[in-house]
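[1] What follows is a protein structure lacking sequence information:
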Ligand code: ADP
Ligand code: MG
């Protein structure tokens, strides 16, 4: 179970405020897409949920527990980055198990969890390879494997498909979506690609210059955009 609640969240870098009071609730098991143009604050918002950026004001709760001041490793949240951030000198298995090793888990248990994740992600035959010997899609799966092995309450994705070619991007959309449904893990997925959001998400929040324009199910946003910005961004008929 994991319900994420964000209230009146603000972020400033020095004197410059970039997130201007965001409210959003992400229900248990929901696939929640965070969309908006480049520079609107998607990554900043996600990084605050992950604990990689401090919160200037407002609250972030997971299951009614305030997590604002928890260290990233204590949040039970796993993040998948755009550039995958794999360790080039480590094998796939070691990349996937590294966080567990740091967490002090026994090697038998690490091996079991990595094996399970590899089976889910179709990576069994690649466990001994280095990232450089993998395709883009496989690297993306390893990055997901690293999140899955931790069995977190929440997955965060920051534009995970933007480095892949168009065909692979479409394939990975459905892979990520079915994986998320299978694990039923609450997910916040950042993308600037409205088609990705429309096809993958249960709910979408449209962000513009650090403010929420609208939150709703994909079809609701498409059919009843609240303003021209949402209509244009989502691609509603006008
Ligand atoms: P997005 O992910 O939607 O492209 P970001 O969250 O990366 O947007 O950035 C939102 C705004 O915050 C941008 O104007 C960006 O320049 C600014 N910003 C992001 N990180 C920093 C930082 N470390 N210092 C100063 N400004 C930043
Ligand atoms: Mg970003």
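    Nice, I can see it. What you see is a predicted model; the values in this text were computed from it and never measured. Ligands and ions are numbered 1, 2, ... in the order given.
[2] Show me where the chain dips below the pLDDT cut-off.
    Counting by pLDDT under 70, the chain has low-confidence residues at 238.
[3] now do 90
    1, 73, 81-85, 103, 136-137, 161-168, 171-172, 175, 235-238 (pLDDT under 90).
[4] Break down the chain into its helices, ranges please.
    Taking DSSP state H as the test, the helices found in the chain are 42-50, 92-102, 107-121, 136-148, 166-183, 194-200, 218-223, 228-234.
[5] For residue 29, grab phi and psi.
    When read as degrees, to the nearest 10, the backbone of residue 29 gives phi 80, psi 0.
[6] Near the residue nearest to it when sequence neighbours are not counted, how many other residues are there?
    Closest residue to residue 29 apart from its sequence neighbours, by CB to CB, 6 or more residues apart in numbering: residue 184 at 4.5 Å. C-beta here means a position set from N, CA and C on the backbone, and glycine is covered the same way. A count of neighbours around residue 184, defined by other CB atoms under 10 Å, yields 12.
[7] try residue 181
    Using other CB under 10 Å, residue 181 has 13 other residues around it.
[8] Could you pull up the residues touching it?
    By CB atoms under 8 Å, 6 or more residues apart in numbering, the residues touching residue 181 are residue 31.
[9] related to what we said a few turns ago, with distance to residue 129 added, can I get the helices of the chain in a markdown table?
    Supplementary listing: those in a markdown table, determined by distance: least, CB to CB, whole Å:
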| stretch | distance to residue 129 |
| --- | --- |
| helix 42-50 | 28 |
| helix 92-102 | 6 |
| helix 107-121 | 12 |
| helix 136-148 | 9 |
| helix 166-183 | 18 |
| helix 194-200 | 28 |
| helix 218-223 | 37 |
| helix 228-234 | 40 |
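[10] So which of those is nearest residue 158?
    helix 42-50 (5.5 Å; CB to CB).
[11] Please name the residues that touch residue 33.
    Listed by CB under 8 Å, 6+ apart, the contact partners of residue 33 are 189, 190, 191, 196, 197, 200, 201, 203, 204, 205.
[12] Are any of those residues buried, and if so which?
    189, 190, 191, 196, 197, 200, 201, 203, 204, 205 (16 or more other CB atoms under 10 Å).
[13] who in this structure is up against ligand 1?
    For the chain, the residues in contact with ligand 1 (CB under 6 Å from any ligand atom) are 13, 18, 36, 38, 39, 40, 41, 42, 43, 44.
[14] ok, now with 5 Å
    Contact residues, the chain versus ligand 1 (CB under 5 Å from any ligand atom): 13, 18, 38, 39, 40, 41, 42, 43, 44.
[15] Most neighbours among those, which one?
    Neighbour max across the residues of the chain next to ligand 1 (other CB under 10 Å) = residue 42, 25 neighbours.
[16] That residue - nearest residue in space that isn't next to it in sequence?
    residue 190 (4.5 Å).
[17] got the contact list for the one you found?
    33, 34, 35, 42, 43, 45, 46, 156, 157, 158, 159.
[18] What of residue 234?
    194, 198, 204, 206, 221, 222, 225.
[19] Out of these, give me the two with the largest separation.
    Counting by CB to CB, the most remote pair of these is 198 and 225, 12.3 Å apart.
[20] Compare the two (neighbour count), which wins?
    Each of residue 198 and residue 225 has its neighbours counted (other CB under 10 Å); residue 225 has more, 22 against 17.
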